[in-house]
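> Predicted model and sequence follow; I will ask about them next.
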There are 2 protein chains.
Amino acid sequence: MATKSLEILIDEFNRLPGIGRKSAVRLAFHVLEMSDQEVERFSKALKDVKETVKKCSICGNFSENDICDICRDEFRDKNIICVVEDSRDIIPLEKTKRYKGSYHVLNGKIDPLNGMTPDKLNLKSLLERVAKEDIKEVILALNPDLEGETTALYLTKLLKTFDVKVTKIASGIPMGGNIEFADVATISRALDGRQEI
Amino acid sequence: MATKSLEILIDEFNRLPGIGRKSAVRLAFHVLEMSDQEVERFSKALKDVKETVKKCSICGNFSENDICDICRDEFRDKNIICVVEDSRDIIPLEKTKRYKGSYHVLNGKIDPLNGMTPDKLNLKSLLERVAKEDIKEVILALNPDLEGETTALYLTKLLKTFDVKVTKIASGIPMGGNIEFADVATISRALDGRQEI
């Protein structure tokens, strides 16, 4: 018995990933309780993001300019490229403050069953960067799942034709994790990746 | 390293109830992948709901008109009022299709520790309805928690001064629920509310 415009808003929230019908109802009712200014600000933020955010012409990361802040940053090492599946993955990597190179966003991973073939990835520009610029190392920071591993293998093969070091971030027991409850694949990886101390 | 407008949108999502930082990031990135039309539609739905939805001058339910659809419906029994804490509660009650009376939305429950005193509830208009109209029964459909029970007691005391039947919806083991795992309070309620079959 919600009103029509409320029904529409509930549907809009329901369309978002991970928002079920019940959450959508809760969110829509919350909007009713927000002040006019708050709703206006939210509504504007949605439109602004679509209008201002485009993709960096170098790395494919989201950016408000033609070239993203990281690619423009003079203090970042342009000789290293960290390859990620998604722009989202850059946020946690940047949070570590350990990585000072540049990025390249693939916009997906090889997953033929879901129609993601290599030609749909932002690959051509990566190979161009490696071919034209003085790239010393390409770090593959792909998720350690079946599709991520496949993509890593595929990329390694392509990149090996250039004079560039290709590395992969380590996979193993997460910090604070428990060996007792880790799965076999993770423990195997942790063993394979063991390092001398 | 999200762009500024993206950061703003993440914050907006993060402000919504039940949406943590991680979900907010996921939702904001999803918006980036939505089409312009979709974002425009979502943005509009937010503003529309604030502009068009007001409160019914009779029952306090959300409505696009001065008087809500339920209060305007000639086929609904205006002699029975079902009192709910929140407009949201009307949706599941209506879904049952068992109730054909009218509603009254309190907009909260008595919870002095959180500043909710009886004078902040939509109570005066309820008493006026009972005093002026030919109300036969007031059904209290409040949540069976401490504040809901307190509110029910308070309302019962006020309503008893009028010639009106005051009832309360049953509390007990939910359908499909399990007595083995039900808490003591629920089982006690179920026992108290037992009915002859």
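Nice, thanks for sending it over.
> Following element in sequence after the top helix by length along chain A, please.
Longest helix of chain A, by residue count under DSSP state H: helix A:36-52. Once the chain leaves helix A:36-52, the next helix or strand it forms, by DSSP states H and E, is strand A:54-55.
> counting contacts, what elements does that next one pack onto?
Applying 3 or more Cβ pairs under 8 Å, 6 or more residues apart in numbering or on different chains; DSSP states H and E, we find strand A:54-55 packed against strand A:62-63. The C-beta positions use only the backbone N, C-alpha and C, and glycine is treated the same way.
> and the next element down the chain from the strand it packs on?
helix A:69-72.
> what residue ranges in chain A are flagged as low confidence?
By pLDDT under 70, the weakly predicted segments of chain A are A:1-2, A:196.
> Quickly list the domain ranges of it.
With domains defined by automatic domain parsing, chain A comprises A:4-52, A:76-168.
> Please tell me how far residue A:189 sits from chain B.
Residue A:189 sits 24 Å away from chain B, going by Cβ to the nearest Cβ, to the nearest Å.
> got it, and residue A:115?
Residue A:115 is 16 Å from chain B, by Cβ to the nearest Cβ.
> Ok, residue A:117 next?
19 Å.
> For that residue, give me its contacts.
The contact partners of residue A:117, taken as Cβ atoms under 8 Å, 6 or more residues apart in numbering or on different chains, are residue A:110.
> how about the longest helix of chain A, does it get close to chain B?
Yes: using Cβ under 8 Å from any Cβ of the partner chain, helix A:36-52 reaches chain B at A:36, A:38-52.
> does chain B sit close to the strand ranked longest in chain A?
The strand that spans the most residues within chain A, counting by DSSP state E, is strand A:77-84. No: Strand A:77-84 does not reach chain B (Cβ under 8 Å from any Cβ); its nearest approach is 11.6 Å.
> What lies in contact with that strand?
Counting by Cβ under 8 Å, 6+ apart, A:59, A:90, A:93, A:99-106, A:126, A:129-130, A:133-142, A:155 sit against strand A:77-84.
> Next step: those restricted to helices.
Judged by DSSP H, those include A:90, A:93, A:126, A:129-130, A:155 as members of helices.
> How about residue A:108: what's its closest non-neighbour residue?
Excluding the flanking residues, the one nearest residue A:108 by Cβ to Cβ, 6 or more residues apart in numbering or on different chains is residue A:116, at 5.1 Å.
> and if you look at residue A:4?
Using Cβ to Cβ, 6+ apart, the closest residue to residue A:4 is residue B:64 (6.5 Å).
> hang on, isn't that neighbour packed against residue A:5?
Yes: between residue B:64 and residue A:5 there is a contact under Cβ atoms under 8 Å: 6.5 Å.
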